[in-house]
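Q: Build me a model from this:
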Amino acid sequence: MLKISSVGEGIPLVFIHGWGLNSGVWQPSVEQLQQKFQVITVDLPGFGLNVEAQVTPYTIETIAQQIVQSVDQPAVYIGWSLGGLVATHIAYHYPKVTKGLVTIASTPYFVKHESWPGIEANVLQLFHRQLSQNIEKTIDNFLKIQAMGSPHIRQDIKQVRQLVMQYPMPTAQTLDTSLQFLEQVDQRELLASIQVPFLRMYGKLDGLVPKAVIPLIDQLSLSSEHYIFNQASHAPFISDLVEFVEQLTGWLERHI
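A: Purely as a prediction, here's the structure:
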């Protein structure tokens, strides 16, 4: 079982963080949302509170299963970036315990390929190489890429760094293995079969999940809704917290 953190009462919202970071990134959102909802944050195995957790094999399937078992109640699953892949997997494979799905700055396929916008493959390969040399520097570089385009990039990076550094750092092996999810997981064919209410949130200035991918995902998931933060990059829940909470709360009240 994974360690989870739960505060507040109401509809359970399960927040899943992105690559290289931990559940600390959700702290500002938790403080706002716990007044109306039960807010549950979970660290992926090898990260944050679950830095010692062992999952074998380390795949999106086994991680999703561990999260569902640890939460142990129907909930809305909310995933950021890589966490969006995990949340989408849960919504598809565990619909009976999924009240709704929200992905933030995420995409069913992260790698740029032919007519599909995404991250250049050589950028991900660079992170693999850097991990063997300096973990902290690699994560720091990733934070800079995430915040690129934000009008207050330095402030965003500083805040995220402070939030995630409350917890232990993951190992290079965990980072390297989980980075492969961004390279290999392709959920494009799953989206049409998502049966639960589905909201996708994007930053217009995001350099990792480019806005050009949004209409393509619209076509793959005709029943989903999307919302774009016009001044945000890859972490709208940090840079545009008030707007994020308003949009998420409004959607939950309408659909859940």
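Q: can you give me the helices in the stretch 51-200 of the chain?
A: Here the stretch 51-200 of the chain has its helices, by DSSP state H, counting those that start in this stretch, at 60-71, 82-93, 121-131, 135-147, 153-164, 172-184.
Q: Identify each buried residue in the second one, please.
A: Pointing back at helix 82-93 there. Across helix 82-93, burial judged by 16 or more other C-beta atoms under 10 Å covers L82, G83, G84, L85, V86, A87, T88, H89, I90, A91, Y92. Just so you know, the C-beta spots here come from the backbone N, C-alpha and C atoms, and that holds for glycine as well.
Q: do you know which of the helices of the stretch 51-200 of the chain lies nearest K3?
A: Closest of the helices of the stretch 51-200 of the chain to K3 is helix 60-71, at 7.8 Å (criterion: C-beta to C-beta).
Q: and V55, how many residues sit next to it?
A: 16 (other C-beta atoms under 10 Å).
Q: Need the nearest residue in space to it, chain neighbours excluded.
A: P45 (4.2 Å; C-beta to C-beta, 6 or more residues apart in numbering).
Q: Count the residues that sit near the one you found.
A: 23.
Q: Kindly report the same for L222.
A: 8.
Q: which SS class is it?
A: Taking DSSP: H, G, I helix; E, B strand; the rest coil as the rule, one finds L222 in the coil state.
Q: Can you name the residues that contact the nearest residue to it once chain neighbours are set aside?
A: Spatially, and ignoring its direct neighbours in sequence, L222 is nearest to A192 (7.4 Å; C-beta to C-beta, 6+ apart). Neighbouring residues of A192 by C-beta atoms under 8 Å, 6 or more residues apart in numbering: L220, S221, L222.
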